[in-house]
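Q: generate a structure from the sequence data that follows.
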Amino acid sequence: MLGAFQASSALRDELPSPWHEYIAKDVAKEALLRDDAVTSPSRFFDNFANKPQKKFNQSTRKFAQAARMPKASKSAGTDNTKRNGKKNEDKRGADEDYERVFQLAVNQEEQGERYQFGAKARRNYEQSIDSYRLSIDLLTKNPSERSPSDGFNSHFNLARVLVDFGNTFASARSECLKFVQRGIQEYQHAVGYAIRDSSQSDEIDARYNLGLGLSTSAEMLSAGAILEEGVNASSVDYHQMAIRVWKQAKEELSQAYQLQERLLAESQNLNSPGLTIPEDEMNQSMEDPVQPGNQLASPPQTTLVEELFVITPSVLIDTLMDICEVLLSIYTSEPESTSIELRQYIRQLQTINQLIVNSNSPEFSRQFEIDSWICNIELTMIEHTLSETIVDTSSLSKSD
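A: Model prediction:
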């Protein structure tokens with residue numbers, strides 16, 4: 001474990017500020033996931049330089065979403081469509097059209113990811129955007145005949161591609177902002193479909209990514225990205241606009257966190273002795289649990305295999321850290337109210353860390369140990385950042 005902190009400290013000296021805090025923390029996390037002690041930070045830096053990081057300097061931060069492969073497209077297959085005649089044939093043809101277009105969009109997106117940069121990547125991403133939009137158009141033609149999960153899949157995937165495309169290929173900050181905002185709109189649609197489908201896991205994904213998208217949009221606005229060409233930037237208070245968007249981001253991330261709490265409390269992991277969360281810490285998350293009867297039946301065929309959705313304490317830690325980062329962005333404008341909220345979320349981080357420490361589950365002891373170390377690192381960093389922000393804000397107030 002000591003090697004992780006040695007690596008983190010060594011790397012901080014190699015990297016220019018303010019990148020070092022985020023990269024060094026991730027190096028420490030990676031080291032904690034290994035059994036051997038780390039002595040050479042450069043061995044890890046090569047890996048981190050070639051994969052997307054979750055946190056970046058605010059002025060250059062790319063939007064990052066929770067790791068998630070394109071989801072499977074599900075066929076509705078309800079009994080009332082299993083009839084002979086032209087209507088049934090038309091329905092089957094529409095299903096096949098949607099499945100084919102959605103699969104094409106997924107393949108094009110994966111090709112874009114494979115090429116990463118350049119003309120081929122750009123062309124595949126553009127084609128993927130067009131195909132996802134076409135799949136949405138096909139859904140709107142027969143909305144009552146399709147499962148809400150199909151709408152979620154198409155809107156969620158389109159949102160992801162729009163944001164990735166903007167971050168990779170936009171030639172200016174304002175152009176990137178436009179793509180991020182289009183992605184935000186698609187994530188909002190995805191939230192609606194997840195609620196209709198009574199899928200808490202999908203709602204978590206959509207709200208979490210929506211929150212990150214809003215936060216990224218706020219950072220761009222705060223850094224001077226212009227919403228519309230031809231508008232005099234001096235005539236618009238982009239800082240206040242950014243504050244409002246950050247508050248929206250905080251609300252979405254907070255709702256995602258509450259859903260994560262609920263799923264973690266209901267998961268089998270919490271049936272182990274010593275791993276329980278007090279009811280008053282759960283925000284009444286045990287109310288209205290998801291009943292098996294509310295779940296959609298598994299379709300007979302899917303075009304892709306859906307990933308298993310698992311909530312662990314580390315997931316809650318990550319979401320709480322994202323919320324704290326958003327609150328720190330708001331702090332300079334509203335220090336008193338923001339400070340209270342920050343302290344509340346820090347206490348929640350401490351509660352989760354204590355929950356991990358008290359766990360006696362042999363099956364998850366290694367993972368919980370890792371989570372505890374990560375939580376301690378992040379708690380230390382957020383406390384340090386908050387202290388620096390308070391000092392900076394006080395200095396500005398005195399100078400005024």
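Q: pull out the buried residues from the host helix or strand of Tyr132.
A: Counting by DSSP states H and E, the element that carries Tyr132 is helix 118-141. Neighbour-count burial for helix 118-141 flags 121, 124-125, 127-129, 131-136, 138-139 (criterion: 16 or more other Cβ atoms under 10 Å). C-betas here are computed from N, CA, C, even on glycine.
Q: which one of those residues is nearest to Arg182?
A: Arg182 lies nearest to Ile129 out of the buried residues of helix 118-141, by Cβ to Cβ, at 9.4 Å.
Q: quick one, what contacts that closest one?
A: Neighbouring residues of Ile129 by Cβ atoms under 8 Å, 6 or more residues apart in numbering: 158, 161-162, 165.
Q: dump the buried residues of helix 118-141 to JSON lines, plus pLDDT and distance to Leu263.
A: Shown next, in JSON lines, are the buried residues of helix 118-141 (pLDDT from 0 to 100; distance: Cβ to Cβ, whole Å):
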{"residue": "Ala121", "pLDDT": "91", "distance to Leu263": "35"}
{"residue": "Asn124", "pLDDT": "94", "distance to Leu263": "34"}
{"residue": "Tyr125", "pLDDT": "94", "distance to Leu263": "32"}
{"residue": "Gln127", "pLDDT": "95", "distance to Leu263": "35"}
{"residue": "Ser128", "pLDDT": "95", "distance to Leu263": "30"}
{"residue": "Ile129", "pLDDT": "96", "distance to Leu263": "31"}
{"residue": "Ser131", "pLDDT": "95", "distance to Leu263": "32"}
{"residue": "Tyr132", "pLDDT": "96", "distance to Leu263": "27"}
{"residue": "Arg133", "pLDDT": "95", "distance to Leu263": "31"}
{"residue": "Leu134", "pLDDT": "94", "distance to Leu263": "33"}
{"residue": "Ser135", "pLDDT": "93", "distance to Leu263": "28"}
{"residue": "Ile136", "pLDDT": "93", "distance to Leu263": "28"}
{"residue": "Leu138", "pLDDT": "90", "distance to Leu263": "32"}
{"residue": "Leu139", "pLDDT": "88", "distance to Leu263": "27"}
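Q: quick one: which of those is nearest Leu104?
A: Leu104 has its nearest neighbour among the buried residues of helix 118-141 in Ser131, at 5.0 Å by Cβ to Cβ.
Q: just checking, the closest one touches Gln103?
A: No: counting by Cβ atoms under 8 Å, Ser131 stays clear of Gln103, with 9.0 Å between them.
Q: tell me how the protein divides into domains.
A: As assigned by automatic domain parsing, the chain contains the domains 1-52, 267-283+309-400.
Q: quick check: mean pLDDT of the first one?
A: By that I understand domain 1-52. The average pLDDT for domain 1-52 rounds to 36.
Q: can you give me the helices in this structure?
A: 2-14, 19-32, 41-49, 86-115, 118-141, 148-169, 173-196, 200-222, 238-266, 313-331, 335-357, 365-399 (DSSP state H).
Q: quick one, phi psi at Ser198?
A: phi 60, psi 40 (degrees, to the nearest 10).
Q: quick one on the thing from earlier: could you tell me the least trusted of the helices of the chain?
A: Of all the helices of the chain, helix 41-49 has the smallest average pLDDT, which comes to a mean of 30.
Q: so what's the nearest residue to Ser254 once chain neighbours are set aside up against?
A: Leaving aside its sequence neighbours, Ser254 sits nearest to Ile323 (Cβ to Cβ, 6 or more residues apart in numbering; 6.3 Å). Residues in contact with Ile323 (Cβ under 8 Å, 6+ apart) are 250, 253-254, 257, 345.
Q: those, buried ones only, as a PyMOL selection?
A: Entered in PyMOL, the line below selects the buried ones among those, by 16+ other Cβ under 10 Å:
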select buried, resi 250+253+254+257+345
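Q: and the contacts of Ile323 as TSV, adding distance to Ser147?
A: Formatted as TSV, those follow (distance: Cβ to Cβ, whole Å):
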residue	distance to Ser147
Lys250	32
Leu253	27
Ser254	28
Tyr257	27
Tyr345	36
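Q: from the contacts of Ile323, which is closest to Thr332?
A: Comparing the contacts of Ile323 against Thr332 with Cβ to Cβ places Lys250 closest, at 15.1 Å.
Q: only C-alpha atoms, please: export the helix holding Tyr132 in PDB.
A: Listed next in PDB are the C-alpha coordinates belonging to helix 118-141 (Å, rounded to 0.1, in the frame of the first residue of the first chain):
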ATOM      1  CA  GLY A 118      -8.700  11.100 -38.000                       C
ATOM      2  CA  ALA A 119     -11.000  11.100 -40.900                       C
ATOM      3  CA  LYS A 120     -12.100   7.400 -40.600                       C
ATOM      4  CA  ALA A 121     -13.000   7.900 -36.900                       C
ATOM      5  CA  ARG A 122     -14.900  11.100 -37.700                       C
ATOM      6  CA  ARG A 123     -16.800   9.500 -40.600                       C
ATOM      7  CA  ASN A 124     -17.900   6.500 -38.500                       C
ATOM      8  CA  TYR A 125     -19.000   8.700 -35.600                       C
ATOM      9  CA  GLU A 126     -21.000  10.900 -37.900                       C
ATOM     10  CA  GLN A 127     -22.600   7.900 -39.500                       C
ATOM     11  CA  SER A 128     -23.400   6.500 -36.000                       C
ATOM     12  CA  ILE A 129     -25.100   9.800 -35.000                       C
ATOM     13  CA  ASP A 130     -27.300   9.600 -38.100                       C
ATOM     14  CA  SER A 131     -28.100   6.000 -37.500                       C
ATOM     15  CA  TYR A 132     -29.100   6.500 -33.800                       C
ATOM     16  CA  ARG A 133     -31.300   9.400 -34.900                       C
ATOM     17  CA  LEU A 134     -32.900   7.200 -37.500                       C
ATOM     18  CA  SER A 135     -33.500   4.500 -34.900                       C
ATOM     19  CA  ILE A 136     -35.300   7.200 -32.800                       C
ATOM     20  CA  ASP A 137     -37.400   8.200 -35.800                       C
ATOM     21  CA  LEU A 138     -38.400   4.600 -36.300                       C
ATOM     22  CA  LEU A 139     -39.500   4.400 -32.600                       C
ATOM     23  CA  THR A 140     -41.600   7.500 -32.900                       C
ATOM     24  CA  LYS A 141     -43.600   5.900 -35.700                       C
END
